[in-house]
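> quick one, structure for this:
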Amino acid sequence: MTSIALTPYTPADRPWLVEAHGRLYAEAEGFDQSFPRLVDEILQGFEAAHDPTCEHGWIARDAGQPLGSIFCVRQEDETAKLRLFLLLPEARGKGLGQRLLDRCMGFAREAGYRRMTLWTHESHRAACALYARNGFSCLRSTPVQNFSVALVEQQWERPL
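So this is what the prediction gives:
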């Protein structure tokens, strides 16, 4: 996986990222079309207003082909938020998720954040295990109805 490049997100990546999120979450969890619309809104907001000194997005690429993404955005002065962490199924289990997470957390530390938070779903067992191995703690789990399915949303956090 070391030949895979982690490149900065650009607006040209948005169509792929929206489509990949929509397709993978529909297949794996039955999410409706409100989910890719939300991803598109998040990315449009990032493109319009992110501060590159403390917010960044990366796309993992193999020979130019996108395999995954991760974003670090400002939640509060001392708190970074991890967003849009995605790996295509063919890229999973090879250490790429750890590489992306390491890059994101390293950037957050360099930007001066003191902690990182994220939201995920309990059903994302591999991602939750990765977060736990990297010092994140689950602060709360809340049953919700989102994207036309019953989910258990979780908030995780760790000091940096």
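
> tell me the pLDDT at N146?
Listed pLDDT for N146 reads 88.

> name whatever forms a beta bridge with it.
V149 (DSSP bridges).

> so it sits against V152, correct?
No. Look at N146 against V152 with CB atoms under 8 Å: they stay out of range, at 10.5 Å. Backbone N, C-alpha and C define where each C-beta goes, glycine included.

> my reading is that P52 lies in a helix. Confirm?
No. Checked against DSSP: H, G, I helix; E, B strand; the rest coil, P52 lies outside a helix; its state is coil.

> measure it to H21 for me?
P52 sits at a distance of 23 Å from H21 (criterion: CB to CB, to the nearest Å).

> more neighbours: those two, which one.
Under the neighbour definition other CB atoms under 10 Å, P52 and H21 were set side by side, and H21 has more, 21 against 8.

> distance of that one from C54?
Distance from H21 to C54, by CB to CB: 24 Å.

> over to T79?
T79 is 11 Å from C54, by CB to CB.

> which neighbours do these two have in common?
Residues touching both T79 and C54 by CB atoms under 8 Å, 6 or more residues apart in numbering: Y113.

> how about low-confidence regions in the protein?
1-2 (pLDDT under 70).

> for this structure, what spans make up the strands?
With DSSP state E as the criterion, the chain has strands at 5-8, 56-62, 65-76, 79-87, 115-121, 137-146, 149-159.

> packing partners for the fourth one?
It stands for strand 79-87. helix 14-29, helix 34-49, strand 65-76, helix 96-110, strand 115-121 (3 or more CB pairs under 8 Å, 6 or more residues apart in numbering; DSSP states H and E).

> so which of the strands of the chain gets nearest L130?
Closest approach to L130 among those is made by strand 79-87 (9.0 Å; CB to CB).

> next, the angle strand 149-159 makes with that closest one.
Angle of strand 79-87 versus strand 149-159, following axes from the mean of the first three to the mean of the last three CA atoms, to 10 degrees, is 130 degrees.
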